[in-house]
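Q: for reference, the sequence and a predicted model appear below.
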Amino acid sequence: MATIGAIPAAALRGETCERIVNDFSIEVATVNGSGSQTANAVLMRALFQMGIPVSGKNLFPSNIAGLPTWFTIRASRHGWIGRKKEVDLLVAMNAETAREDVMKLASGAAVVYDEPLKLDALRSDLHFYPVPFDKLVMPVCPEAKLRKLVRNMIYDGVLAQLLGIEIEEVHRALDKQFGARKAKAAELNWKAVLAGRDYAGNHLVKTAPVAVERMNATAGKIIVEGNAATALGALFAGVTVVAWYPITPSSSLIEALAGYLEKHRIDKETGQATFAVVQAEDEMAALGMVIGAGWAGARAMTATSGPGLSLMTEFSGLGYYAEVPAVIVDVQRVGPSTGLPTRTMQGDILSTAFLSHGDTRHPMLFPSSPRECFTMMVEAFDLAEQFQTPVFVMSDLDLGMNNWMSDPFPYPERPMRRGKVLTAEDLDRLGGFARYQDVDGDGVGWRTLPGTRRTAAACFTRGSGHNAKAQYSEREDDYTNNMDRLARKFETLRGALPAPHVEIAERARVGLISAGSSRWAAEESRDQLRREYGLQTSFLRLTAYPFTHHLAEFVRRHERVYVIDQNRDAQLLLLMRLEMEPEEIARLRSVRYYGGLPLDARTVTGDIVRQEGL
Amino acid sequence: MATASVTPPPKKTNRAGLEVAQYKGGKSTLCAGCGHNSISERIIECFYEMGIEPWSVAKFSGIGCSSKSPAYFLSLAHGFNAVHGRAPSVATGAILANRHLLGIAVTGDGDTASIGIGQFMHLLRRNVPLIYLIENNGVYGLTKGQFSATAGVGSRLKTGVVNELEPIDCCVEAITLGATLVARSFSGDKRQLQAILKTAIAHKGLSVIDVISPCVTFNDHEGSTKSYAYMKEHDAPLHELDFVPAYAEIAVEIEEGETRAVELHDGSRLLLKKLGRDYDPSDKLGALRTVHEAGQQGQVVTGVLYLDASRKHFIDLLNLVDEPLATLPKSRVRPPREALDQIMAELR
């Protein structure tokens, strides 16, 4: 197996060696709250503007300021945008973690560091580039209190010089980051970039092989966080009522949505809003408002994470049983309990599928990219209203809070599917209706909205037992008939969900299955398995629960199927088992990662190689 | 051959052209004599007399005996019997979705003062336009008679258990935290409750009505502070109330110094006729002092404790469009293609 990141000894002696172009990862270690976000975003964007596929991962603590934070930027000429575990270039700005950060590096990696840290004494198999950040920032930024924020921008200039990032692109990225309104701040930061570039040019000799060259693989692409993409999906889905309670990592989703709504959904003449965003007192109230609004006919949503989802359990059951549309975005983080609030996990899959007491099933959508965050929100609102039930969109911290290179989002072409709602005119024609009567044989009843001006419109919605006419009932037959109809509705829903993405490799005996953000590690792992081990694999990327027939077909086609889970208990695999025949279950294997960092391909590959005995 | 035809007497209708029967609900399954049934009767009368079209009303409740009652009035209105203590959030969401709904939530003291106290507090802060009625009997009925958080100190259950904990006074909380109509009444006081309910129907803002509504099965015995007998002895009305609707066009004589008149949003007026001492319902601190002092003297003050007809309610604060959000057409809620193009360009 090839060692990643190893550099021939010749390079360490300053001799020329094979350059590694557009295929490396940079880790920037800083202190939370030191303004490094801007420097990192500019760096990432400059690479992107040079046509190089990039991804950015922010590994941050649950803290406002002071604790260590790491930002990794990956450049990949092959277009891999999942996390790369190995660090090729470390920017060590944090005294507290510098030693450990350096000791973890693979031999041959490069280190740009704050000179007083004297990190070059630690190891002799790395490329060291000391930079006196404090000395450099003084002349650039006379105002002492701004220095801490500007100082980090210097490493952008250093890296531009060392890697060969075009300085004009750094300038452009900087202007884009600050915008016209903050031109003064941009100017100050630009000086810092130049100071870094000039210092590196005059004092540092480049020995490390990592380098950047312009290519053309990002044309037409965008850079966006998953949460912003989800928010845009909600905006274009026509959301009208948003109720939420702040929780990492979903808060930025609602804040982005509120911003977009303010901009796009306020009547220019009257100043009135076609939306309501309410910060509720807790997650119970948040979903309560969404359920109330959905009942009254609005497209309503909330966004939360694990602890909030636990609190929404009661209302989720009500939504299922009383049959009220709602869209709930779960930006998953590490649980149980408070867990690791700023780390990623797909740990809510099982609990969400059955969220509530009693027999309950909820549909889930699994977006894998910002583009799918967008399209699946539009889908989620349609499904929720068509099937009169809560729909869960299962994002995660990696997808939601990190910067992703993405294809632009498609404008929703089809009309909004508002589901089976009887209007006053319908009621005149029909004379009346029974709310939970399965008139169409698909398990979905017709509803009326409160405020419909007809004597026949009213009905009583409740979480207690009811018959087809929505009347209170404790009768055995009413209860079972209703539950059977709900099961039938779930089967109809199964047929209406977006189909999974299936890639069959001819003669492949092994298959991989992923859901959500695991996609990127899975796709790259397939490439590694093929190139490094000659193992051809097929791939099924789930987009929704309940699972469709494609899943069982895929499993039956392969001898062994590896189900990738970002949790300890193989939740996705367990959920599949519930719907599978024993012979299908026997083919399933589990690949699990639950360390809280974004899943990387090498981890997946390593586990499959071990299980395959390769 | 001519036959004598008997013309049936014209049925009595309200200004909406509806009969009182169209305001009724299903048959109550609560105990005979339950205070809640009287309250349902008052609701039926008031919505009928005010000429409110029942289909413009939305009923909400949580869980408990009280929360069953929306099924027993206004069958022609949509109703939502939600989960325990959570009627405030459901009602808030529904009213956000359709601001034209006239919302009435009927809850109990377990719902409001215990499991739902958080939602209640925040409903108050938001001043959501809603009638929030608490059928307050001091006990949990459906679970057979445990104390609720509104039970008075020294109140005794049939089992002999005595409550020694301070009660939560929902009206005090309501006055403090931003409800704009706060009233207390007694299910046995038909006239007062009618005037309060009509005022609440006309009021644009949150109306909290705490109605002492005795539980005949678990809390109507001697030693209870929420029994009919106790209320008859300790009810201390602040004033005699009269509601004069805007559409009535009756000239009302107001005796100077004897009667206060408060004008509501729609031009209706609430007349408060002095009983004993003058009471100013616009004075927050005075209201709190009055409730507190009465409590110390073992009295339950009833009437309109607090009324502010000028404060903006939640929907106005959010500056929503006039039409219901729920039914806005696609053209109003999905930004045009150019908007998405523009956003995508910014992210490039």
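A: All right, it came through fine. Keep in mind that this is a model prediction, so the values were computed, not measured.
Q: okay, now the unreliable bits of the stretch 51-200 of chain B?
A: Judged by pLDDT under 70, the stretch 51-200 of chain B has no weakly predicted residues.
Q: and for the stretch 251-400 of chain A?
A: Within the stretch 251-400 of chain A, no range satisfies pLDDT under 70.
Q: how close does A:Leu117 get to chain B?
A: 36 Å (CB to the nearest CB, to the nearest Å). In short, each C-beta sits where N, CA and C put it, glycine included.
Q: what about the nearest residue to that residue once chain neighbours are set aside, how many residues nearby?
A: Closest residue to A:Leu117 apart from its sequence neighbours, by CB to CB, 6 or more residues apart in numbering or on different chains: A:Ala98 at 5.1 Å. Look at A:Ala98: counted by other CB atoms under 10 Å in any protein chain shown, it has 21 neighbours.
Q: quick check, A:Ala98 in contact with A:Tyr113.
A: Yes - counting by CB atoms under 8 Å, A:Tyr113 is a contact partner of A:Ala98 at 6.6 Å.
Q: name the residues contacting each of those two.
A: Jointly contacting A:Ala98 and A:Tyr113 under the rule CB atoms under 8 Å, 6 or more residues apart in numbering or on different chains are A:Ala92, A:Leu119.
Q: pLDDT wise, what is B:Pro245 at?
A: pLDDT for B:Pro245: 94.
Q: in this structure it contacts B:Thr199, no?
A: No - judged on CB under 8 Å, B:Pro245 makes no contact with B:Thr199 at a distance of 10.0 Å.
Q: quick one on the thing from earlier: helices or strands up against whatever helix or strand the residue nearest to A:Leu117 lives in?
A: Per DSSP states H and E, A:Ala98 falls inside helix A:95-104. Counting contacts by 3 or more CB pairs under 8 Å, 6 or more residues apart in numbering or on different chains; DSSP states H and E, helix A:95-104 is packed against strand A:23-31, strand A:68-76, strand A:89-92, strand A:110-114.
Q: let's go with 7 Å and repeat that
A: strand A:23-31, strand A:89-92 (3 or more CB pairs under 7 Å, 6 or more residues apart in numbering or on different chains; DSSP states H and E).
Q: and the closest residue to A:Gly463 other than its chain neighbours, helix, strand or coil?
A: Here the nearest residue to A:Gly463 in space, its sequence neighbours aside, is A:Leu318; by CB to CB, 6+ apart that works out to 4.6 Å. Secondary structure for A:Leu318, judged by DSSP: H, G, I helix; E, B strand; the rest coil, is helix.
Q: list the contacts of A:Leu318.
A: Neighbour list for A:Leu318: A:Ile291, A:Gly463, B:Ala82, B:Val83 [criterion: CB atoms under 7 Å, 6 or more residues apart in numbering or on different chains].
Q: still on that earlier bit, mean neighbour count for the helices and strands packed on helix A:95-104 - can I get that in JSON lines?
A: Shown next, in JSON lines, are those (neighbours: other CB atoms under 10 Å in any protein chain shown):
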{"stretch": "strand A:23-31", "mean neighbour count": "24"}
{"stretch": "strand A:89-92", "mean neighbour count": "26"}
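Q: chain B: which of the ones you listed is closest?
A: strand A:23-31 (22.0 Å; CB to the nearest CB).
Q: can you give me the mean pLDDT across the next helix or strand along the chain from that closest one?
A: Later in the chain than strand A:23-31, the nearest helix or strand by DSSP H and E is helix A:36-49. Per-residue pLDDT over helix A:36-49 has a mean of 95.
Q: any residue of helix A:36-49 touching chain B?
A: No - on the criterion CB under 7 Å from any CB of the partner chain, helix A:36-49 is out of touch with chain B, staying 9.1 Å away.
Q: how many degrees apart are that helix and strand A:23-31 in direction?
A: 170 degrees (axes from the mean of the first three to the mean of the last three CA atoms, to 10 degrees).
Q: next, the angle from the next helix or strand after helix A:36-49 to helix A:36-49.
A: For helix A:36-49, the following helix or strand on the C-terminal side (DSSP H and E) is strand A:54-59. Going by the same axes, to 10 degrees, strand A:54-59 is angled at 160 degrees with respect to helix A:36-49.
Q: name the surrounding residues that touch strand A:54-59.
A: A:40, A:44, A:47-48, A:69-75, A:81, A:83, A:401-405, A:597-598.
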